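[1] Sequence first, predicted model second:
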Amino acid sequence: MSTMTAMEPEYSVPFVAKKRMPPVLRGFLWAAVGFLVFNTLISETVPTYGHPFVTELSVTIGWVAALVGWILGIGTWEAVVKPAFGIATRWAPATGWRRYLEYSTDHKVIGIQYVVASTGGFFIAGFAAMLMRVELMKDQMWLFQLPQQYLTTVGIHGTIMMFSVGTVALVGGLGNYIIPLMIGSNTSAFPKMSGISLWLVPAGILTVAFSPLLGYWTTGWRGYQPLATQDASGIIFYYLGVFALTLSSLLVSINLTATIIFKRAPGLTWNRLPIFAWGMLTVSLLNLIWLPEIMMTFILSLLAHVAQLPLFTAVGSPLTYMELFWLFGHPEVYIVVVPGFALWQEILPVMSRKSLFAEKWGVIGLVFVMALSGMVWAHHMFTNMRNDEMMPFSFFTEMISIPTGFAFMVVIGTLWKSKLRLTTPTIFILMSMFNFLIGGLTGVFLADPVINLQEHDTFFIVGHFHYTIIGGMVFSWLGAMYYWLPKLSGRMYNEKLGVIGAIWVFLTFNITFTQFFILGMKGMNRWVPVYMPYLQNMNFEVSIFAVLLGLGFLYNAIVILHAWRRGPKAEKNPWGGKTLEWYSAAPEGTVNFPETPRVVGSFYVYGDESEEAVVLPGAAISQR
Ligand code: HEM
Ligand SMILES: [Cu+2]
């Protein structure tokens with residue numbers, strides 16, 4: 001029993017280990033069988049002109065069956081379904097690295113699985129970005145044969161980046177791993193559900209990535225109707241893939257919300273809740289509000305395609321989809337960057353050993369960003385509006401800079417006159433703040449209809465949102481990975497290699513994407529593989545830096561991976577952080593806190609009045 005963990009659910013009660021197929025392989029097999037059976041059933045029973053084996057309806061239902069087969073095959077069958085019917089299973093949960101390749105209920109394993117899945121999505125979508133940039137090296141078509149191929153690549157890139165990286169990496173990955181530790185809990189609130197939700201991510205990524213199998217689609221990451229209704233069937237895999245990815249994020253958010261509300265250690269009151277936990281709670285609420293909305297929109301769009309319902313094609317309705325999409329689409333931007341804000345405020349007090357300045361305002365800022373984000377959607381549609389309709393949306397959009405400014409204020413106040421340790425995480429976070437500032441400032445321009453109407457659908461926009469998303473989210477994600485690496489792996493990275501990585505991506509990122517603004521202002525349109533010849537020199541050179549940037553991300557991934565496997569053993573709490581996760585020495589698969597810790601003070605008070613924030617009963621373990 002001593003090797004058993006508190007987290008192991010009841011299915012591991014007496015069993016005789018039985019040999020079985022590797023779960024990932026079995027998942028694929030069951031998915032294939034599910035697809036074939038249901039696809040055949042539908043395509044044979046529902047008569048279609050010409051009797052093709054794969055019809056839009058059959059592929060949709062076949063996909064659902066495949067998804068169910070995949071989830072069951074990965075281990076849910078033994079771990080969830082059979083026990084639910086009282087059937088004992090003879091299945092031993094895997095140990096060692098194999099744990100990561102099957103269904104798990106350990107929030108730490110799930111967290112790592114999410115990080116890995118997101119990173120996989122990042123590199124798949126990044127590869128698509130490289131293809132786009134190579135195509136754009138010339139003003140004529142040369143890599144792709146058809147414009148549709150370029151547009152599908154744009155769609156795959158944007159879709160996978162948004163729904164499997166932006167929405168998932170910080171919330172599903174670090175949220176799952178860190179939050180239960182950070183609030184002094186041994187499990188998350190719904191570990192079984194959480195274990196299932198993870199496996200939707202690879203399914204979703206693969207569905208989107210293989211969408212061209214069903215034909216090219218031309219609507220980018222937004223799936224615009226009624227345009228999409230004219231697209232080939234590939235768009236079906238866009239809707240289905242995104243549905244799987246958003247469902248995963250929705251389940252993560254339900255789990256994190258319940259965990260933060262109900263599983264806090266004694267003494268961890270709301271005004272002591274760590275700022276990263278506030279960020280995760282805020283973003284989870286955003287997800288709970290907006291993801292169901294976009295999921296319903298996608299179901300309607302799917303029905304418009306598969307069942308030919310005239311939902312978006314009736315007279316006057318082209319705007320319907322746009323309203324529905326951007327109602328979600330703008331909050332999505334904050335779903336992506338709010339965790340980034342929280343990371344700035346979490347990591348910099350530790351690195352500067354100074355109390356978090358105006359902490360309450362930081363939290364208020366997060367909550368107000370969340371509230372305002374749902375009131376600005378039409379700034380994506382200024383070209384479709386009358387002048388007098390633009391005013392409120394322009395106004396609310398510019399208002400968002402106020403609560404966003406709180407995040408900057410809190411961090412700058414904290415850094416003021418501090419002795420900042422310029423470690424790799426610090427540098428990444430400062431870079432993230434700088435980049436996001438550029439994204440935010442160009443956003444103020446775009447909020448102004450006069451400028452927006454000039455820059456709409458140009459590379460100025462593409463520059464703006466990459467600054468916000470890569471600048472705000474990807475840079476802080478990297479910073480957080482370096483910051484928590486000793487926690488995640490028990491090992492330390494090499495500081496010199498880390499700093500080189502930070503400088504590398506910072507320089508190449510800025511050289512690449514500032515030129516997107518210039519290209520946009522010179523008249524470079526987005527969603528076109530062919531452009532005016534006078535733009536070619538700049539595009540050529542931008543593509544070179546884009547590839548260098550891609551290599552920079554690869555370099556950082558390698559540095560982190562290498563440290564993970566081979567790095568020197570890390571101290572338990574190398575940064576001297578006060579939050580609860582540093583009090584737990586548990587590696588994966590073991591109990592976080594053998595005895596419930598008690599929170600007795602603030603996590604962010606440093607300096608003279610500094611005291612321990614946490615009391616561990618029993619062992620009088622002190623941190624320093
Ligand atoms: C090496 C890094 C990257 C490069 C070089 C790059 C390049 C590009 C380019 C050239 C486009 C516009 C294509 C066009 O409109 O013709 C684009 C679109 C887009 N990118 Fe990236 N990108 C990168 C990373 C990212 C990341 C990290 C994210 C998000 C997490 C992201 C999200 C998007 C989105 C949402 C679109 C819009 C797609 C659409 O219009 O439907 N990109 N990217
Ligand atoms: Cu917006």
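    Yep, that arrived. Ligands and ions are numbered 1, 2, ... in the order given.
[2] Does anything pack onto the helix or strand His330 falls within? Which helices or strands?
    Element membership of His330, judged by DSSP states H and E, is helix 318-352. Applying 3 or more CB pairs under 8 Å, 6 or more residues apart in numbering; DSSP states H and E, we find helix 318-352 packed against helix 275-306, helix 359-372, helix 401-415, helix 424-447, helix 475-489. Backbone N, C-alpha and C define where each C-beta goes, glycine included.
[3] Asn287: neighbour count?
    For Asn287, the tally of surrounding residues (other CB atoms under 10 Å) stands at 24.
[4] Run through the residues that contact it.
    Asn287 makes contact with Thr167, Val171, Ser249, Leu250, Val252, Ser253, Ile335, according to CB atoms under 8 Å, 6 or more residues apart in numbering.
[5] May I have the predicted confidence score for it?
    Predicted confidence (pLDDT) at Asn287: the value is 97.
[6] Ligand 1 versus that one, what's the distance?
    Remark: distance between Asn287 and ligand 1 (CB to the nearest ligand atom, to the nearest Å) = 16 Å.
[7] Could you show which parts of the stretch 51-200 of the chain are in contact with ligand 1?
    Within the stretch 51-200 of the chain, the positions near ligand 1 by CB under 6 Å from any ligand atom are Gly126, Ala129, Met132, Arg133, Val154, Gly155, His157, Gly158, Met161, Met162, Val165, Gly166.
[8] Mind giving me the packing neighbours of the helix or strand Ile160 falls within?
    Ile160 is located in helix 147-160, with elements delineated by DSSP H and E. Judged by 3+ CB pairs under 8 Å, 6+ apart, the packing partners of helix 147-160 are helix 107-135, helix 200-209, helix 234-262.
[9] Residue of the stretch 501-624 of the chain closest to ligand 1, please.
    Per CB to the nearest ligand atom, Arg526 is where the stretch 501-624 of the chain lies closest to ligand 1, at 3.1 Å.
[10] Tell me how many other residues crowd that residue.
    Neighbours of Arg526 under the rule other CB under 10 Å: 16.
[11] residues touching it, list them.
    Residues near Arg526 by CB under 8 Å, 6+ apart: Asp457, Thr458, Phe459, Ile461, Val462.
[12] where are the low-confidence patches of this structure?
    Scanning the chain with the threshold set as pLDDT under 70 gives 1-19, 315-316, 608-610, 618-624.
[13] Output the set of residues of it in proximity to ligand 1.
    Within reach of ligand 1 by CB under 6 Å from any ligand atom, the chain has these residues: 126, 129, 132-133, 154-155, 157-158, 161-162, 165-166, 220-222, 462, 466, 469-470, 474, 526-527, 546, 549-550.
[14] Narrow the residues you listed to those that are buried.
    Using 16 or more other CB atoms under 10 Å as the burial test, those include 126, 129, 132-133, 154-155, 157-158, 161-162, 165-166, 220-222, 462, 466, 469-470, 474, 526, 546, 549-550 as buried.
[15] of the contacts of Asn287, closest to Leu497?
    Using CB to CB, Val171 comes nearest to Leu497 of these, at 27.7 Å.
[16] Just the buried residues of the helix holding Ile160, please?
    When neighbours are counted by 16+ other CB under 10 Å, the buried residues of helix 147-160 are found to be 148-160.
[17] Let me know the next secondary structure element after that helix.
    Moving toward the C-terminus from helix 147-160, the next helix or strand (DSSP H and E) is helix 176-182.
[18] What helices and strands are in contact with that following helix?
    Helix 176-182 is packed against helix 107-135, helix 234-262, helix 275-306, helix 475-489, with contacts defined by 3+ CB pairs under 8 Å, 6+ apart.
[19] The helix or strand that comes right after it vs helix 107-135, what angle?
    Proceeding N to C from helix 176-182, the next assigned helix or strand is helix 191-198, under DSSP H and E. Relative orientation of helix 191-198 versus helix 107-135 (axes from the mean of the first three to the mean of the last three CA atoms, to 10 degrees): 10 degrees.
[20] What residues sit buried inside helix 191-198?
    For helix 191-198, the neighbour count (16+ other CB under 10 Å) marks Pro191, Lys192, Met193, Ser194, Gly195, Ile196, Ser197, Leu198 as buried.
[21] and of those, the nearest to Phe395?
    When the buried residues of helix 191-198 are ranked by distance to Phe395 (CB to CB), Ser197 comes first, at 37.6 Å.
[22] Settle this for me: that closest one is touching Leu251, isn't it.
    Yes - assessed by CB atoms under 8 Å, Ser197 is found in contact with Leu251 at 3.6 Å.
[23] thinking again about what came up before, dump the contacts of Arg526 to TSV, plus secondary structure.
    Converted to TSV, the contacts of Arg526 look like this (DSSP: H, G, I helix; E, B strand; the rest coil):
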residue	secondary structure
Asp457	coil
Thr458	strand
Phe459	helix
Ile461	helix
Val462	helix
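[24] Good, wrapping up.
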